[in-house]
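A.B. asks: structure of the sequence below:
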Amino acid sequence: MILVCEMIFDRGAHVPFNAGLLAAIRAAFPTEDLAFHGAEAHIEQLKTHVGPTLANSIVWKAIRPVQPGPTYGKRFIAELRIIQHLFREVSYSTTSRLILTSAFPSTVLAMKVARWFRSKGPTVQMVLHGLSGVIGKRHRHPRLRLQDMKTALTLFGNHRMQYLVLEESIRETVVKSVPQLRGTIEAFPHPVSPVEGAADILELSEPIRFGLLGTALKSKGYPLFVDAANAITAQYGRRAEFHVIGRCPEESKGVKGIEALATRPAGSQLTREDFVRGVQPLHFVVLPYEVAPYTLSASGVLLDAIAWQKPVVARRMPTFEAMFEKHGDIGYLFSDDAELTGVIQQILQEADVSRYRRQARTLRDARKSRDPETLAAAYRELCRANEGPSR
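C.D. replies: Down below sits the predicted model:
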C-alpha cells in the first residue's frame, strides 16, 4: 500500500504538484493500492487535476491539516497526531510506503518520533519544498537551532527515511554542506500537472506581456518587477504590458508605482482557474527572485512556465541556471537588478519571433521530461534505493 498525505496545504496551493506526483506514483506502481489524505477542498481540486480514471483508482480520505500560525511546539504535537494516525492506516508490508508531500522542520521531527516508538513500519518519503537553515548561518539561540531544518534532518538518524528535493542542484548544494545526508536526500524532478499545459505556442506580438506569478513578495522580486514596469512603460508605452498574477500580502501593500501594472496583485488568493486564465495570455514569465531565499527552494512558478510554454526572464541562480544547462534556450538570464530592464529592452527591440518559437518548443520538450509517465521510472528507482528491512 502507498499512502500519500498533504498535511500542510488545504486549498489550491500544491494541487498541480500533488496531482503530478500522484500520477507518477500510479504510473510507477499501477497495481499497488494508493490512498491520499488531505483537506477536503484540496482533495476536490486534486480529483479534477488527476482526471476521472486516476481519481477512481485512489482511496481519498479527508483530514484536518495543520493550520498555519501555531508555535513550533503546537505544530509538532498536531503533526505527530496526524502521523500516528497515518501509520495506523498503512497496511504494513515490505512494499508499503508513507509519503508526505510537504514538510516543515517540525514535521520531519514528528515523523522521526512517531517511528521511534514503532517496532516496524513502512518506508517513509518526505518532499522538502524548502530547506532554509540547512546551509549558511544558523540561529545562535539553542532553542531556535533545535527548531531548524538542519537539526530535524540530522537528529536521531534517518533509517528507511528518504527526503526528496525537486531539483538536482538543490540536492548537490545540500549534500556538499551536510555530507551525512548523502544517500538519504535524493532529487526527484518537480512533476507537472497531468491536465495543465498549453496545446499551442502563443505568437510573439505587441503588446508583449510579461508576468510575475504567485504571491507578490519582496523575496520573489515584486518591487523590482514594478520598477522594471515603470522604466519600460515610460520608454516603450503600450508596446509592453506587465501583469502580476497572484495575491498581494500585507508586506507589499506599500510598494510604489503599481500604476504601471496592467494587472495588479489581487487582495485575496486566486483560484487555480483564475490563475491559469491570467497566465495564458502572457508571453514571458519573469523570475526576479532574491538568491538567498530560493537557493534551496524549487520554483513552482518555473514549472508553470514550463507547462504553459512561457519563456522566462530569470535571475542567475543555481536552480534556474541548471534548467538552462539541461534544456537549452528557454528564455533569458540576468545577473543584477539593472540588467533585468536591459533584457526586457532587448526583447522589445529585437522582437525575435523565430527565437521565441524555438524557446517555446524547447519548453514543450522540457515539459515532456516532467510528465508523470516519464518520471515513473525515476520514481521506481528512488524507491528501490530506499528498500530494506524495517528497524
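
A.B. asks: my read: residue 155 touches residue 111, true?
C.D. replies: No: contact criterion CB atoms under 8 Å: residue 155 and residue 111 do not qualify, at 11.4 Å. In short, each C-beta sits where N, CA and C put it, glycine included.

A.B. asks: more neighbours: which of those two?
C.D. replies: The neighbour count for residue 155 versus residue 111, taken as other CB atoms under 10 Å, is higher for residue 111 (23 against 13).

A.B. asks: the more buried one contacts residue 83, correct?
C.D. replies: Yes: in this structure, residue 111 is within contact of residue 83 by CB under 8 Å, at 5.6 Å.

A.B. asks: and residue 130, what pLDDT?
C.D. replies: You'll see residue 130 listed with a pLDDT of 78.

A.B. asks: do the one 3 residues further on as well
C.D. replies: Here, the pLDDT recorded for residue 133 equals 67.

A.B. asks: how about residue 94?
C.D. replies: pLDDT recorded at residue 94 is 69.

A.B. asks: neighbours around residue 331, how many?
C.D. replies: 25.

A.B. asks: which ones are touching it?
C.D. replies: 284, 311, 312, 313, 314, 324, 359 (CB atoms under 8 Å, 6 or more residues apart in numbering).

A.B. asks: of these - the most surrounded one?
C.D. replies: Those, ranked by neighbours (other CB under 10 Å): first place residue 314, 29 neighbours.

A.B. asks: for the record, mean pLDDT for the helix or strand containing that one?
C.D. replies: Using DSSP states H and E, residue 314 falls within strand 312-315. Per-region confidence: strand 312-315 scores 98 on mean pLDDT.

A.B. asks: stretch 1-9 too?
C.D. replies: Throughout stretch 1-9, pLDDT has a mean value of 93.

A.B. asks: format the CA atom coordinates belonging to it as PDB.
C.D. replies: Extracted C-alpha coordinates of stretch 1-9, given in PDB (Å, rounded to 0.1, in the frame of the first residue of the first chain):
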ATOM      1  CA  MET A   1       0.000   0.000   0.000                       C
ATOM      2  CA  ILE A   2       1.100   3.500  -0.800                       C
ATOM      3  CA  LEU A   3      -0.400   6.300   1.400                       C
ATOM      4  CA  VAL A   4       0.200   9.900   0.300                       C
ATOM      5  CA  CYS A   5      -0.600  12.800   2.600                       C
ATOM      6  CA  GLU A   6      -0.700  16.600   2.300                       C
ATOM      7  CA  MET A   7      -1.000  17.800   5.900                       C
ATOM      8  CA  ILE A   8       0.000  21.400   5.400                       C
ATOM      9  CA  PHE A   9      -1.700  23.000   2.400                       C
END
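
A.B. asks: give me the residues contacting the strand holding residue 314.
C.D. replies: Residues outside strand 312-315 that contact it (CB under 8 Å, 6+ apart): 210, 221, 284-289, 291, 302, 305, 320, 330-335, 340, 343-344, 347.

A.B. asks: please redo it, this time with the cut-off set to 6 Å
C.D. replies: Outside strand 312-315, the residues within contact range by CB atoms under 6 Å, 6 or more residues apart in numbering are 284, 285, 286, 287, 288, 289, 305, 320, 331, 332, 333, 343.

A.B. asks: name the nearest residue to the residue positioned nearest the centre of the chain, sequence neighbours excluded.
C.D. replies: Geometric centre of the chain, nearest residue: residue 300, 3.8 Å, by CA atoms, centre = their mean. Distances taken as CB to CB, 6 or more residues apart in numbering put residue 17 closest to residue 300, at 6.5 Å, once the chain neighbours are dropped.

A.B. asks: with only the CA atoms kept, save the helix or strand that neighbour falls within in PDB.
C.D. replies: Here residue 17 sits within helix 15-28, counting by DSSP H and E. The C-alpha trace of helix 15-28 is given here as PDB (Å, rounded to 0.1, in the frame of the first residue of the first chain):
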ATOM      1  CA  VAL A  15      -2.600  21.000  -6.200                       C
ATOM      2  CA  PRO A  16      -0.600  20.800  -9.500                       C
ATOM      3  CA  PHE A  17       2.400  19.300  -7.800                       C
ATOM      4  CA  ASN A  18       0.400  16.800  -5.800                       C
ATOM      5  CA  ALA A  19      -1.500  15.800  -9.000                       C
ATOM      6  CA  GLY A  20       1.700  15.200 -10.900                       C
ATOM      7  CA  LEU A  21       3.200  13.200  -8.000                       C
ATOM      8  CA  LEU A  22       0.100  11.000  -7.700                       C
ATOM      9  CA  ALA A  23       0.100  10.400 -11.400                       C
ATOM     10  CA  ALA A  24       3.800   9.500 -11.400                       C
ATOM     11  CA  ILE A  25       3.300   7.100  -8.400                       C
ATOM     12  CA  ARG A  26       0.400   5.400 -10.100                       C
ATOM     13  CA  ALA A  27       2.400   5.000 -13.400                       C
ATOM     14  CA  ALA A  28       5.300   3.600 -11.400                       C
END
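
A.B. asks: how far is that helix from where the chain is centred?
C.D. replies: The chain centre lies 13 Å from the centre of helix 15-28; the measure is CA atoms, centre = their mean, to the nearest Å.

A.B. asks: please apply the same query to stretch 357-372.
C.D. replies: That offset, for stretch 357-372, works out to 18 Å (CA atoms, centre = their mean).

A.B. asks: stretch 368-375 too?
C.D. replies: Centroid separation for stretch 368-375 versus its chain: 16 Å, with CA atoms, centre = their mean.

A.B. asks: which outside residues touch that stretch?
C.D. replies: Contacts of stretch 368-375 (CB under 6 Å, 6+ apart): 20, 23, 24, 27, 189, 191, 192, 194.

A.B. asks: and which of those residues is nearest residue 216?
C.D. replies: Lowest distance from residue 216 to the contacts of stretch 368-375 (CB to CB) belongs to residue 192, with 23.5 Å.

A.B. asks: doesn't the closest one fall inside a strand?
C.D. replies: No: in this structure, residue 192 is coil, not part of a strand, as judged by DSSP: H, G, I helix; E, B strand; the rest coil.
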